[in-house]
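>>> got a predicted model here, sequence first, then my questions.
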Amino acid sequence: MTTHTEHEILSQPQVWRQTIDALDPTTLTAPFRNGITDVLVTGCGSTHYLAMSAAALLRQAGLRAWALPASELIAQAQPRLANPAGTVLLAISRSGTTTETVMAAEHFRRVGGHSIAVITCCPDSTLAEAGDVVWAATAAAEQSVAQTRSFSSMQLIVSAIAGALQGGDPSALSALPPAASAILDRSRPVMAALAGDDANETFFFLGSGALYGIASEGMLKLKEMSLTSSEAYHAMEFRHGPMSMCDDRAAVIALVSPERSSLEEAVLSDISEFGSRLVTVGVEGHHRIPGDIPRWASVALYLLPLQLLALERALGKGLDPDSPRHLTAVIHLNAPPEAV
């Protein structure tokens, strides 16, 4: 069965090229200059996990940045900002109409926030209209409920911003579409085998820094599409309790950066000793991330094998990955008048 989700995953190299070509490099750093001290990054669901990755990349670029779900940035949860005049809100939403994210932007304006930057796939949306600057991945629009190419394309925009803030070579982005094609080709049979192994009842996703948000998105994709028990952890945090779940019924997918420490190596060694299936996504193996692509640029590549795992697991269970049960593509809430 050919699904929209399969097409959207496999079309990412082409869509990434369109997204990169559409970026205006002169806009990438402007919102974060001129006395900006803080960046709040927000989204819901998948885009909250993208916000976590974005905040980590912005911190690596020297900004004070952190991520919160949009529901934590509305009046009832976050009535004040420490330094509103020096704070930018980076709001991320595929549709640009998710109620909590729109509410967060409105509240940010009311409490005196400096400016709003928006990353979306829909430049004519409510959220985009509220933004002082808007970056749109219009080529990444999807028919499926679960985000795949929209997430990764918006991640590319985040990476472009982080790279520009660090003075990175923007031509590094041009290496991503061919690298994505190679990873998709190599990873699919491996992930199909992992997905089809009924002995794997629970999946754990590990990642550190910007890769923790990607690990969390991998967890969410597997839950959404295939109704499979899955959890995500910072790599070193896995020792602090979750490792007790390691046995021959668990599979662990570790996102490994080139800078991984010997301490992280020890965690992975323990996982194998406890009988769990260990799969690494990094600079070696079937899911190899090219080592010559800068760290700020390569983040989206780590996501591709995780999307394939979710797709193959769903298809193997006879589920429709395009329409996960109980879910819709956009969440619209009937917010009380005082909330907006």
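Okay, I see it.

>>> got phi/psi on the spatially most central residue of the chain?
By C-alpha atoms, centre = their mean, the chain has its centre lying nearest to L50, at 3.4 Å. The phi/psi pair for L50 (degrees, to the nearest 10) reads phi -60, psi -40.

>>> what segments of the stretch 201-340 of the chain are helices?
210-226, 262-273, 295-298, 303-316 (DSSP state H, counting those that start in this stretch).

>>> scratch that, the stretch 51-200 of the chain is what I was asking about
Under DSSP H, counting those that start in this stretch, the stretch 51-200 of the chain gives helices at 99-110, 126-130, 149-165, 176-196.

>>> in TSV, list those helices along with distance to P242, mean pLDDT and mean neighbour count.
(C-beta placed from N, C-alpha, C; glycine too.) Formatted as TSV, the helices of the stretch 51-200 of the chain follow (distance: least, C-beta to C-beta, whole Å; pLDDT from 0 to 100; neighbours: other C-beta atoms under 10 Å):
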stretch	distance to P242	mean pLDDT	mean neighbour count
helix 99-110	28	94	22
helix 126-130	35	97	19
helix 149-165	24	97	26
helix 176-196	19	96	18
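
>>> and S93, what does it touch?
G43, C44, T47, T101, V118, I119, T120, S125, L127 (C-beta atoms under 8 Å, 6 or more residues apart in numbering).

>>> now distance to L304 too, for the residues you listed, in TSV please.
As requested, these are exported to TSV (distance: C-beta to C-beta, whole Å):
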residue	distance to L304
G43	20
C44	23
T47	18
T101	26
V118	25
I119	20
T120	22
S125	27
L127	27
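
>>> ok, of those, which come out buried?
For the contacts of S93, a burial check counting by 16 or more other C-beta atoms under 10 Å picks out G43, C44, T47, T101, V118, I119, T120, S125, L127.

>>> I'd guessed the last one sits against V118; true?
Yes - counting by C-beta atoms under 8 Å, L127 does reach V118; the two are 5.5 Å apart.

>>> so what sits against both of those two?
Joint contacts of L127 and V118 (C-beta under 8 Å, 6+ apart) are A91, S93, G96, A105.

>>> now, the residues you listed that are in strands?
A91, S93 (DSSP state E).

>>> now the phi/psi pair for D124, please.
According to degrees, to the nearest 10, D124 has phi -100, psi 20.

>>> what about it, neighbour count?
11 (other C-beta atoms under 10 Å).

>>> relative to S276, which of the contacts of S93 is nearest.
Closest approach to S276 among the contacts of S93 (C-beta to C-beta): T47, at 30.0 Å.

>>> mind checking the helices of the stretch 51-200 of the chain for the one nearest to D248?
Closest approach to D248 among these is made by helix 176-196 (13.9 Å; C-beta to C-beta).

>>> hmm, back to that, residue contacts, the residue nearest to the centre of the chain?
If you count contacts by C-beta under 8 Å, 6+ apart, L50 has them with G43, I92, F151, M154, Q155, V158, G213, E217.

>>> and the residues you listed as CSV, adding distance to A300?
As requested, those are exported to CSV (distance: C-beta to C-beta, whole Å):
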residue, distance to A300
G43, 16
I92, 14
F151, 8
M154, 9
Q155, 4
V158, 9
G213, 11
E217, 10
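
>>> first-to-last residue distance for stretch 24-31?
Using C-alpha to C-alpha, to the nearest Å, the end-to-end distance of stretch 24-31 comes to 13 Å.

>>> per-residue confidence at A266?
pLDDT, A266: 82.

>>> can you name the residues that contact it?
Shown in contact with A266 (C-beta under 8 Å, 6+ apart): no residues.

>>> give me the distance between it and A137.
38 Å (C-beta to C-beta, to the nearest Å).

>>> same check on C246?
Applying C-beta to C-beta, the value for C246 to A137 is 37 Å.

>>> who has more neighbours, the two?
Neighbour count, other C-beta under 10 Å: between C246 and A137, A137 has more, with 28 against 22.

>>> what's the closest non-adjacent residue to the more buried one?
Leaving aside its sequence neighbours, A137 sits nearest to S153 (C-beta to C-beta, 6 or more residues apart in numbering; 3.8 Å).

>>> got it, and G196?
That would be G316: by C-beta to C-beta, 6+ apart, it lies 5.0 Å from G196.

>>> okay but P177 is in contact with Q18, surely?
No - using C-beta under 8 Å, P177 makes no contact with Q18, being 9.4 Å away.

>>> what's the overlap in contacts for these two?
Joint contacts of P177 and Q18 (C-beta under 8 Å, 6+ apart) do not exist.

>>> please save the CA atoms from stretch 59-75 in CSV.
Provided in CSV are the C-alpha atoms of stretch 59-75 (Å, rounded to 0.1, in the frame of the first residue of the first chain):
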residue,chain,number,x,y,z
ARG,A,59,22.4,28.1,22.7
GLN,A,60,25.3,26.6,20.8
ALA,A,61,25.3,29.8,18.8
GLY,A,62,25.7,31.9,22.0
LEU,A,63,22.1,32.9,22.7
ARG,A,64,20.2,32.3,25.9
ALA,A,65,17.4,30.1,24.6
TRP,A,66,15.0,27.6,25.9
ALA,A,67,11.9,25.8,24.8
LEU,A,68,8.4,25.5,26.3
PRO,A,69,5.2,24.1,24.9
ALA,A,70,2.9,26.9,23.8
SER,A,71,0.4,25.9,26.5
GLU,A,72,3.0,27.0,29.0
LEU,A,73,3.4,30.4,27.4
ILE,A,74,-0.2,31.6,27.7
ALA,A,75,-1.4,34.0,30.4
